[in-house]
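**Student:** this is a predicted model, with the sequence first.
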Amino acid sequence: MGFPGTWMTQSESVVYRVVPKCACSTIGQIMYFSDNGTYFDGDIHDATGGMHKWSLDASQPVIERSVRARETYTFTCVRNPYTRILSSFFDKICGIQRNGKRYRGNLVPLLIQKYGIEVGGDDGKGEFDQIASFRRFLLFARDTIRWRRPMEPDIHWSAMAGHVSTLIVNGGRYDNIFWTEKFDQGMQSVLDAIEVKHPVELKKVPRFNESEGHGPKRLHPVEDYFDDLSMHLVYEIYHRDFDLFKYDFENPSNKMPTGEIDLDEVHAKLGD
């Protein structure tokens, strides 16, 4: 199993467990800058040098040694499950990706055929019923996670607890888990705890939001997308995320956390 989705600076100052749709592009670029004094030119997910990634064979023994020894400051970042699944829908399902194509090739045609969703036409710019299509997508997401059909769950909408747990189960431990909704405060707490080659001023960091502009603009408030059935499906998929990371399941319009994350609780509940 190892440590999938784990990145580390080449100086070994900090380890980050990537959670998709939770500011991972921005975090990766900050890590890259802190070591190299410049941002990566392009999408940080495409970088094959300048930082360690578990997906790079040469990085794996370095990351494994560091994480298992628990000698390197380790963190991750999480996001409200309601806004995260909405963002996944507009970016990955409705949007055209960086390569000019639909995400995962035949995924969108399959969703149109089997679940009756609309995505705004071939270019994603046409009008469609966003609320109805999103709710149908939510059924699909639940089917992939609950029954692994019609395909395996995708990393962008599988539960955050699953991503976070892999590092714990394989012998690592988090020093910090912070919220996307309080990003500057959380990221600053990480930077304050580590030594960096190049100081990072968060107020000057560009927002590396790779999904911005991929898909149609969300037309309605978050809460309008979630009726009683949708909320039930969201809780079925993400109940551990709401519980562990202290988000408000009862009120989709409240994206802010309602309490502090208890790291001991996270390690105890995700470490089995």
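**Tutor:** Thanks, I have it.
**Student:** can you dump the C-alpha atoms of stretch 258-269 in PDB for me?
**Tutor:** Extracted C-alpha coordinates of stretch 258-269, given in PDB (Å, rounded to 0.1, in the frame of the first residue of the first chain):
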ATOM      1  CA  THR A 258     -18.400  23.900  14.000                       C
ATOM      2  CA  GLY A 259     -15.600  22.700  16.400                       C
ATOM      3  CA  GLU A 260     -11.900  21.900  16.600                       C
ATOM      4  CA  ILE A 261     -10.400  18.800  15.000                       C
ATOM      5  CA  ASP A 262      -9.300  16.300  17.600                       C
ATOM      6  CA  LEU A 263      -6.100  14.700  16.200                       C
ATOM      7  CA  ASP A 264      -6.100  11.900  18.700                       C
ATOM      8  CA  GLU A 265      -9.700  11.000  17.700                       C
ATOM      9  CA  VAL A 266      -8.800  11.100  14.000                       C
ATOM     10  CA  HIS A 267      -5.800   8.700  14.600                       C
ATOM     11  CA  ALA A 268      -7.900   6.400  16.800                       C
ATOM     12  CA  LYS A 269     -10.800   6.100  14.400                       C
END
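**Student:** show me what counts as buried in it.
**Tutor:** For stretch 258-269, the neighbour count (16 or more other Cβ atoms under 10 Å) marks 261, 266 as buried. Glycine gets a C-beta too; all of them are placed from N, C-alpha and C.
**Student:** same check on stretch 30-47?
**Tutor:** With burial defined by 16+ other Cβ under 10 Å, the residues of stretch 30-47 counted as buried are 30-36, 39-40, 44-45, 47.
**Student:** in helices, which of the residues you listed appear?
**Tutor:** Residues of the buried residues of stretch 30-47 located in helices (DSSP state H): 30-36.
**Student:** helices or strands up against the helix or strand of the chain with the lowest mean pLDDT?
**Tutor:** Least confident helix or strand, the chain: helix 107-115 with a mean of 93, by mean pLDDT, DSSP states H and E. In terms of contacts (3 or more Cβ pairs under 8 Å, 6 or more residues apart in numbering; DSSP states H and E), helix 107-115 is packed against helix 130-147.
**Student:** what comes into contact with the helix it packs on?
**Tutor:** With contact meaning Cβ atoms under 8 Å, 6 or more residues apart in numbering, helix 130-147 is reached by 85-86, 88-89, 93-94, 111, 114-119, 149-154, 157-159, 216, 218-220, 224-225, 227, 229-230, 233-234, 236-237.
**Student:** just the buried ones from the residues you listed?
**Tutor:** Buried among the contacts of helix 130-147 (16+ other Cβ under 10 Å): 85-86, 88-89, 93-94, 111, 115, 117-119, 153-154, 157-159, 216, 218, 225, 230, 233-234, 237.
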